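S.K.: Model the following, please.
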Amino acid sequence: MELNLETVLMCLLIIIARIADVSFGTLRTVSIVQGRRALAWGLGFAEILIWVFAVSKVITNLDQPIYALAYAIGFATGNYVGLTLESWLSMGNQVLRVFTRRGFEVADTLWAEGLPATIFEGEGRDDTTYLLYMQTPRRQIRKVVRRVRELDPKCYYIIEDIRTASTARRLMREPTGWRAILKKK
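M.R.: Next up is the predicted model:
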């Protein structure tokens, strides 16, 4: 195995190519799950084009096992980079379901702050429990969860990704009764 400048540069190129194609693959998978067909197509095209280059360099140079090592390093790093990029981009929306015993207290505060929430009342084992159901952009989910936890530190919550949601008008009406009085403040 000869380690010269050309071999080192080819290893770096293979690593960079694998980081790119695996990162694109991660973003493509998220795009598929979210139903973003055009984005998934574009990412898939770029991913495979880069992959063909990288794999061909390794296969046609089996006498250079360091290329296979570079390929593996790029693949592993690409997983890390792809997940990091996906987290930064925070594409799409999520559903936040909050189970709380302080139902209307939490809901009224969220509504007053302009956060849409739908409230359901249910019976838990020991007491009345409320479910707040909220659709939130992924990039705001941490802020909303923090706010809910400030309002009820004992709440339980679940976050789920949304693939599709209808675009129908909101089913909101003007508050009545004591909620209308609170809204005027």
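
S.K.: Next, the contact list for the residue nearest the centre of the chain, please.
M.R.: Residue closest to the mean C-alpha point of the chain, counted by CA atoms, centre = their mean, is Ser90 at 4.8 Å. Counting by CB atoms under 8 Å, 6 or more residues apart in numbering, Ser90 touches Pro137, Arg138, Arg139, Ile141. No exception for glycine: its C-beta is placed from N, CA and C like everyone else's.

S.K.: Pull out the buried members of the residues you listed.
M.R.: The neighbour count (16 or more other CB atoms under 10 Å) marks Arg138, Ile141 as buried among the contacts of Ser90.

S.K.: List the buried residues in stretch 56-67.
M.R.: In terms of neighbour count (16+ other CB under 10 Å), stretch 56-67 has its buried residues at Lys57, Val58, Gln64, Ile66, Tyr67.

S.K.: Surely the fourth one and Thr7 touch.
M.R.: In this case it means Ile66. Yes. Using CB atoms under 8 Å, Ile66 is in contact with Thr7, at 6.6 Å.

S.K.: Of the buried residues of stretch 56-67, which belong to helices?
M.R.: Judged by DSSP state H, the subset of these located in helices is Lys57, Val58, Ile66, Tyr67.

S.K.: Could you save these as CSV and add columns showing distance to Ala112 and pLDDT?
M.R.: CSV is the format used below for these (distance: CB to CB, whole Å; pLDDT from 0 to 100):
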residue, distance to Ala112, pLDDT
Lys57, 60, 92
Val58, 59, 92
Ile66, 62, 94
Tyr67, 61, 94
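
S.K.: Determine which two of the residues you listed are furthest apart.
M.R.: Within these, two members stand farthest from each other by CB to CB: Lys57 and Ile66, at 11.4 Å.

S.K.: out of the contacts of Ser90, which are inside strands?
M.R.: Of the contacts of Ser90, the ones assigned to strands by DSSP state E are Pro137.

S.K.: which helices and strands does the helix or strand containing Gly42 pack with?
M.R.: For Gly42, the host element (DSSP states H and E) is helix 37-59. The contact analysis (3 or more CB pairs under 8 Å, 6 or more residues apart in numbering; DSSP states H and E) places helix 37-59 against helix 5-33, helix 65-89.
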